[in-house]
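Chemist: Okay, here's the prediction I keep looking at, along with the sequence it came from:
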Amino acid sequence: MSIARKVLGNTFIQFVGKLVTAVLSIFVLKMISGYLGTSGYGEYTTIYQYLAFFGIAADFGIFTITVKEMSQDSKRIPEILGNVLGLRTVLIVATMALAALSVFLIPNYAQTMIPMGVLIATLATILTLLNGTISTVLQVHLKMQYSTIGLVLGKMASLAYMAAVVYLWFTDDKAQGFLHLMWAGVIGNLVMLLITSYFVTRYSPIRYRFDYVFWKRIFLTSLPYGVALVLNNIYYRVDVILMTLILPHTQPVVEAGVTTDVCQQALCADTEVGLYGVGMRFLDMLIIIPLYYMNSILPTMSRFLEENRDKVRRIIQYSFDFLLATALPILVGGFILATPIIELISDASFLSGVNHAFGSDLAIRFLVFAMLFSFINALFSFTLVVLGRQKNLMYINGACVIFNLVGNFLVIPHYGFRGAAFTSILCELFILIFTAYAVKKTLGFNLHLRTAYKILLSAGMMGGVIWLGYAWAADVWFGWQLSVLVPLGALVYGGMLLFTRAITPEMRALLKKK
């Protein structure tokens, strides 16, 4: 089997697994957003966004560097895995302890469910990070279907627990129900880790090793990329945290024995985060696609870099076309069908003009543009890692963090999540421009855009058909709208790609090549 087919096959398997978990996540999102409401779901979102800051510090880019190390010397996989497992466990325990302690010191969170939620969810994050550590072995062997099995079964276990909480155990006691929703994540991630561990042992023993010289070397190697990832995570998630710190939270008010939630200003933190969080959750279901793809391509690029840089340039060109061809139809379809998408994945109360002037459908229309840029960013960011240019990535992400912080401080008090979403678009575009320039300067080549124009034309044709269909079926149930328009759009898009020959003979030959 050709390397291209192995890479795309590995990516496809992960994509299918992610598609299954995305469907399960839709059930989860719809269930808990309806159960908790906009303010409750805002606190739920805040917990995981808060922990993500510390989680990425525990990773520190070690996953990507580990895959690269294992790919270059497969005989040392057990040694590398054992030492990386030891190093990351130390980082995980330290960062999660810091997260659990510091959340109780933030005054804005004092009267919310956030501190206790973080305390429970740290366990889920620890299990996720350990799972990611051992799955590097499967990534190197291009056997991520086994990791995907663990991911899907873990998600199913979590969904079953959540359903019991929402519909059986705590239908009226949402405070206790909220905490048990946190425990559902812990149970699901434990199932995932156990299953992944079982399959990893087929290729390598899982034993802790404590070679501190190796720890030092791998840590210093990953340091620039780790700092870049931390900075990337800050600009990606800081808008949610800033909204919870800048805007007032909903306060319970008791009148005549009846408790109601009241926000003292037009923009309320938990409500804004709740509306924004649904849109971000939709984006999170998609953003994993380029990461899966680039993690699959990383071992191949690392090997080819030593042999022939022309092959690396070809991989970059094909990857650019592939990622653009994947992202553009999502952008077009997501922008047009944002309203029925929100009705599908969440609750009608999250739509614009129902309970709030601006709803989660508007968040999706903003975020799909950020998604497009982030798809291409993944290509250039990973390429810089392969080229050993992690410092470039660190400086670019650092500049973007400054831009993001200043921008969000200016716009969030006046525009809430709308300002945060627009700032995210600008940040992703900023990173795209400078990472592309850094790769071009290092490798000395230009991307060919002939195929990109064909992809753009195909996506435009698809968008026209979906827009006309949506206007015609405006009063039809959202389920029928999506079940008809999404397959129709995919059919038009696929047909146009073939008609315009955006899928080139060279690409087809590459997949068949022995």
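Modeler: Received the coordinates, thanks. Numbers count the residues shown, from 1 in each chain.

Chemist: any idea how far Ala473 lies from Asp347?
Modeler: From Ala473 across to Asp347, the span is 21 Å (C-beta to C-beta, to the nearest Å). (C-beta placed from N, C-alpha, C; glycine too.)

Chemist: Compare those two and say which is more crowded by neighbours.
Modeler: Neighbour totals were compared for Ala473 and Asp347, and Asp347 leads with 22 against 15 (other C-beta atoms under 10 Å).

Chemist: which residues touch Val411?
Modeler: Residues near Val411 by C-beta atoms under 8 Å, 6 or more residues apart in numbering: 418-420, 422-423.

Chemist: List just the nearest of the residues you listed to Val166.
Modeler: Relative to Val166, the closest of the contacts of Val411 is Ala420; by C-beta to C-beta it sits at 28.6 Å.

Chemist: Can you tell me the SS state at that closest one?
Modeler: Put simply, Ala420 is helix when judged by DSSP: H, G, I helix; E, B strand; the rest coil.

Chemist: okay, now it: neighbour count?
Modeler: Considering only other C-beta under 10 Å, Ala420 is surrounded by 25 other residues.

Chemist: ok, it touching Ile246?
Modeler: No. Counting by C-beta atoms under 8 Å, Ala420 stays clear of Ile246, with 10.2 Å between them.

Chemist: quick one: low-confidence ranges for the stretch 301-450 of the chain?
Modeler: Counting by pLDDT under 70, the stretch 301-450 of the chain has low-confidence residues at 302-309.

Chemist: and Arg501, that one's in a helix?
Modeler: No. Per three-state DSSP, Arg501 lies outside any helix segment and is coil.

Chemist: what number of residues lie near it?
Modeler: Every residue meeting other C-beta under 10 Å relative to Arg501 is counted, giving 12.

Chemist: Regarding the residue lying closest to it once chain neighbours are set aside, what is its secondary structure?
Modeler: The shortest distance from Arg501 to any non-neighbouring residue, by C-beta to C-beta, 6 or more residues apart in numbering, is to Lys454 (7.0 Å). With three-state DSSP as the basis, Lys454 sits in helix.

Chemist: For burial, what's the neighbour tally of Lys454?
Modeler: With other C-beta under 10 Å as criterion, Lys454 counts 20.

Chemist: That one and Ala490: what is the separation?
Modeler: With C-beta to C-beta as the criterion, Lys454 and Ala490 are 17 Å apart.

Chemist: before we move on, what about Ile195?
Modeler: 32 Å.

Chemist: Then Phe219?
Modeler: Taking C-beta to C-beta, one finds Phe219 at 45 Å from Ala490.

Chemist: which of the two has more neighbours?
Modeler: Each of Phe219 and Ala490 has its neighbours counted (other C-beta under 10 Å); Phe219 has more, 17 against 14.

Chemist: Give me the pLDDT for the residue lying closest to that one once chain neighbours are set aside.
Modeler: Setting aside the residues directly before and after it, Phe219 is nearest to Leu87 in space (C-beta to C-beta, 6+ apart), at 6.6 Å. pLDDT for Leu87: 79.

Chemist: so what's in contact with Ala420 and Ile246 at the same time?
Modeler: In contact with both Ala420 and Ile246: Ile412, using C-beta under 8 Å, 6+ apart.

Chemist: Tell me how many other residues crowd Gly479.
Modeler: Per other C-beta under 10 Å, the neighbour tally for Gly479 reads 11.

Chemist: for it, what are its contacts?
Modeler: Leu344.

Chemist: Can you give me the distance of Ala97 to Trp472?
Modeler: Distance of Ala97 to Trp472, computed by C-beta to C-beta: 57 Å.

Chemist: try Ile206
Modeler: 56 Å.

Chemist: likewise Ile56?
Modeler: 45 Å.

Chemist: thought Phe366 was touching Arg418?
Modeler: Yes. Taking contacts as C-beta under 8 Å, Phe366 lies within contact range of Arg418: 7.1 Å.

Chemist: neighbour count winner among these two?
Modeler: Phe366 (23 against 19).

Chemist: how deep is the residue nearest to that one when sequence neighbours are not counted tucked in, by neighbour count?
Modeler: Spatial nearest neighbour of Phe366, excluding adjacent residues (C-beta to C-beta, 6+ apart): Ala421 at 3.5 Å. When neighbours are defined as other C-beta under 10 Å, Ala421 has 24 of them.

Chemist: do the same with Lys216
Modeler: Lys216: 11 neighbours (other C-beta under 10 Å).

Chemist: for Arg76, same thing?
Modeler: 13.

Chemist: Distance-wise, check it relative to Asp347.
Modeler: 51 Å.

Chemist: could you pull out the strands for the stretch 201-350 of the chain?
Modeler: 251-255, 258-262 (DSSP state E, counting those that start in this stretch).

Chemist: if we can go back for a sec, specify which residue of Ile206 and Trp472 has the higher count of neighbours.
Modeler: Applying other C-beta under 10 Å to Ile206 and Trp472 shows that Ile206 carries more neighbours, namely 17 against 10.

Chemist: Give me the distance between the more buried one and Leu87.
Modeler: Counting by C-beta to C-beta - Ile206 and Leu87 are separated by 14 Å.

Chemist: How about Leu231?
Modeler: From Leu231 over to Leu87 (counting by C-beta to C-beta), the distance is 21 Å.

Chemist: Neighbour count: those two, which is higher?
Modeler: Leu87 (25 against 22).

Chemist: In this structure that one contacts Thr221, no?
Modeler: No. Leu87 is beyond contact range of Thr221, at 11.6 Å (criterion: C-beta under 8 Å).

Chemist: so Thr112 sits in a helix?
Modeler: No. Going by three-state DSSP, the assignment for Thr112 is coil, not a helix.

Chemist: ok, it to Gly177 distance?
Modeler: Relative to Gly177, and taking C-beta to C-beta, Thr112 is found at 15 Å.

Chemist: Pull the number of nearby residues for Leu223.
Modeler: 16.

Chemist: contacting residues around Pro224?
Modeler: 390-391, 393-394.

Chemist: Can you tell me which of those residues is nearest Leu29?
Modeler: Leu393 (31.6 Å).

Chemist: What segments of the stretch 351-500 of the chain are helices?
Modeler: Here the stretch 351-500 of the chain has its helices, by DSSP state H, counting those that start in this stretch, at 360-386, 390-415, 417-443, 450-472, 478-499.

Chemist: Mind listing what's buried along the shortest one?
Modeler: Along helix 478-499, these residues count as buried under the neighbour rule (16 or more other C-beta atoms under 10 Å): 478, 481-482, 485-486, 489, 492-493, 496-497.

Chemist: One more: the fourth one?
Modeler: By neighbour count with 16+ other C-beta under 10 Å, helix 450-472 contains the buried residues 451-452, 454-456, 458-459, 461-463, 465-467, 469-470.

Chemist: what's the distance between the residue nearest the centre of the chain and Ala124?
Modeler: Centroid-nearest residue in the chain, with C-alpha atoms, centre = their mean: Asp284, separated by 3.8 Å. Distance, Asp284 to Ala124, using C-beta to C-beta: 15 Å.
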